[in-house]
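Student: Could you look at this predicted model? Sequence included:
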Amino acid sequence: MAQDDKVNTSRRGRRRREESNPEGLPVVVEDEALEAEAASEGGERLNIRTLQDMSIGQLTDIARELGAENPAGMRKQELIFKILQAQTEREGLIFGEGVLEILPDGYGFLRAPDYNYLPGPDDIYVSPSQIRRFNLRTGDTVSGQIRPPREGERYFALIKVEAVNFEPPEVAQEKILFDNLTPLYPMERINLELEGNMTCRVMNLLTPIGKGQRGLIVAPPRTGKTMMLQAIANAITTNHPEIVLIVLLIDERPEEVTDMQRSVKGEVISSTFDEPAYRHVQVAEMVLEKAKRLVEHKRDVVILLDSITRLARA
C-alpha cells in the first residue's frame with residue numbers, strides 16, 4: 001500500500017510539472033551554470049545553420065544514417081530536429097544561429113531566415129535572464145551553443161551566447177540605440193554600374209543613390225520593376241560587399257520568390273500571397289528590426305522591398 005501511494009505521488013508530481021509548463025518551454029537556470037555546462041561538454045561540433053542550408057535529400061540520408069524512423073515523411077524542420085537530437089545522444093556539441101524575436105512574456109526565440117522567421121520546431125529558446133544580461137532586442141542576430149529539449153520540453157535552448165550581430169557579446173553591449181543615432185544627408189555614393197547592364201548605368205547617371213537614402217520605383221504593372229530590383233541587388237553585392245543586402249517580398253507568388261533567390265546573392269525574405277495580412281506585417285517588422293540592430297553595430301544595410309503598396313494594404 002505504501003508503495004502504491006509512492007507511485008501515485010510521483011505521478012501527481014509529474015502531472016503538476018507538466019501542467020506548470022504547458023507550452024513545453026525549456027527550464028533554464030542562471031547563465032553562469034549554463035556556461036559551465038557548455039564548457040564541460042565536448043565532442044563533435046555541428047552547426048544548425050549547416051543543416052538548414054542542406055537539401056531535403058541530404059537531410060533524409062543523414063536522418064536514415066542516424067536511425068530516424070520514416071524520415072521521408074517528415075518536413076525539413078522536423079528532419080533537422082531529429083538529426084540534432086541524435087547528435088546530442090552521441091555527446092556532440094550543437095551550435096545555432098538565428099534572428100531573435102522577443103515575445104510579450106519576456107522570453108524569445110531565434111527564428112531562421114531560411115523559413116522567413118516562421119515559428120518552427122527547430123527554433124531556439126532564449127531565456128529572459130540572457131536577454132537582460134546581454135541587452136538583447138528583437139532583430140539581434142544571435143549565435144551560440146544550444147542543448148536539445150529535455151523531458152517535458154519542446155524547444156532547443158540557448159546555453160551560451162558566443163556572438164551578437166557577428167561580434168563578441170561584450171562589444172555588442174557598447175552599441176548606441178538606433179533611436180539615438182543622428183540622421184544625416186547621404187555622403188557616400190552607391191555605385192550601381194554593372195558591366196553590360198544599361199539600366200543600372202542610366203540609374204547611376206540620372207538618379208544616383210547614396211548610403212542612407214530612400215527611393216521609390218513608381219511604374220505600371222508588367223514594366224520590369226522586378227528585373228530592375230534584381231539588377232540593383234546584384235550591383236550592390238558586386239560593387240559594395242560591405243553592405244548587408246536584404247530583399248523583402250510581400251504578397252508575391254512563390255515562383256517569383258524562387259526566381260529572386262536564384263538571381264540574388266543577398267538574403268531574400270518573403271511572405272507570399274497565401275499568407276494572412278498580419279503575417280506580411282510581422283515579416284516586415286522583423287526585417288526592419290534586424291536592419292536597425294545591424295546599423296547599431298555600424299553596418300551598412302540596404303532593404304529592397306517589393307512591394308510597398310501590398311505592405312500598406314496589409
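Tutor: Nice, I can see it. Only a predicted model underlies this, so the values are computations on that prediction, with no experimental measurement involved.
Student: Quick one: the strands in the stretch 1-150 of the chain, in order.
Tutor: 45-47, 93-102, 108-111, 124-126, 141-147 (DSSP state E, counting those that start in this stretch).
Student: could these be laid out in CSV, adding distance to Lys76?
Tutor: No exception for glycine: its C-beta is placed from N, CA and C like everyone else's. Formatted as CSV, these follow (distance: least, CB to CB, whole Å):
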stretch, distance to Lys76
strand 45-47, 16
strand 93-102, 15
strand 108-111, 15
strand 124-126, 16
strand 141-147, 18
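Student: most packed of these?
Tutor: Neighbour counts (mean count of other CB atoms under 10 Å) averaged over each of these peak at strand 124-126, with a mean of 25.
Student: Would you map the helices across the stretch 201-314 of the chain?
Tutor: 225-239, 254-263, 277-296, 308-313 (DSSP state H, counting those that start in this stretch).
Student: Nearest to Gly106, out of those?
Tutor: Closest approach to Gly106 among the helices of the stretch 201-314 of the chain (CB to CB): helix 277-296, 17.0 Å.
Student: what pLDDT, on average, does the closest one get?
Tutor: Across helix 277-296, pLDDT averages out at 90.
Student: Likewise for stretch 246-256?
Tutor: Here the average pLDDT along stretch 246-256 is 90.
Student: Can you report how many residues lie near Ser127?
Tutor: As a burial measure, Ser127 scores 22 neighbours (other CB atoms under 10 Å).
Student: Look at it and report its pLDDT.
Tutor: 90.
Student: Quick check, it in contact with Tyr107.
Tutor: Yes. Using CB atoms under 8 Å, Ser127 makes contact with Tyr107 at a distance of 6.0 Å.
Student: coming back round to it: quick one, which of the strands of the stretch 1-150 of the chain is nearest to Pro186?
Tutor: strand 141-147 (25.5 Å).
Student: Pull the distance from stretch 94-111 to the chain's centre.
Tutor: 9 Å (CA atoms, centre = their mean, to the nearest Å).
Student: same deal with stretch 60-80?
Tutor: 22 Å.
Student: Only C-alpha atoms, please: export it in PDB.
Tutor: These are the backbone C-alpha positions of stretch 60-80, laid out as PDB (Å, rounded to 0.1, in the frame of the first residue of the first chain):
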ATOM      1  CA  THR A  60      16.900  12.500 -45.300                       C
ATOM      2  CA  ASP A  61      20.100  10.500 -45.900                       C
ATOM      3  CA  ILE A  62      21.600  11.800 -42.700                       C
ATOM      4  CA  ALA A  63      18.500  11.000 -40.700                       C
ATOM      5  CA  ARG A  64      18.500   7.400 -42.000                       C
ATOM      6  CA  GLU A  65      22.100   7.000 -41.000                       C
ATOM      7  CA  LEU A  66      21.200   8.200 -37.500                       C
ATOM      8  CA  GLY A  67      18.300   5.700 -37.200                       C
ATOM      9  CA  ALA A  68      15.300   8.100 -37.500                       C
ATOM     10  CA  GLU A  69      12.000   6.400 -38.300                       C
ATOM     11  CA  ASN A  70      10.300   7.200 -41.600                       C
ATOM     12  CA  PRO A  71      12.400  10.300 -42.500                       C
ATOM     13  CA  ALA A  72      10.900  10.500 -46.000                       C
ATOM     14  CA  GLY A  73       7.500  11.600 -44.500                       C
ATOM     15  CA  MET A  74       9.000  14.500 -42.400                       C
ATOM     16  CA  ARG A  75       9.100  18.200 -43.100                       C
ATOM     17  CA  LYS A  76      12.500  19.900 -43.300                       C
ATOM     18  CA  GLN A  77      12.300  21.400 -39.800                       C
ATOM     19  CA  GLU A  78      11.300  18.100 -38.300                       C
ATOM     20  CA  LEU A  79      14.200  16.400 -40.000                       C
ATOM     21  CA  ILE A  80      16.600  18.900 -38.600                       C
END
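Student: can you list the residues that contact that stretch?
Tutor: For stretch 60-80, the external contacting residues (CB atoms under 8 Å, 6 or more residues apart in numbering) are 48, 51-52, 54, 56, 59, 82-83, 86-87, 115, 120-122.
Student: Pick out the most distant pair among those.
Tutor: Counting by CB to CB, the most remote pair of the contacts of stretch 60-80 is Ala86 and Tyr115, 21.1 Å apart.
Student: ok, the nearest residue to Gly96 once chain neighbours are set aside - contacts?
Tutor: Spatial nearest neighbour of Gly96, excluding adjacent residues (CB to CB, 6 or more residues apart in numbering): Ile48 at 4.1 Å. Ile48 sits next to 80, 84, 94-97, 122, 124, 146 when contact means CB under 8 Å, 6+ apart.
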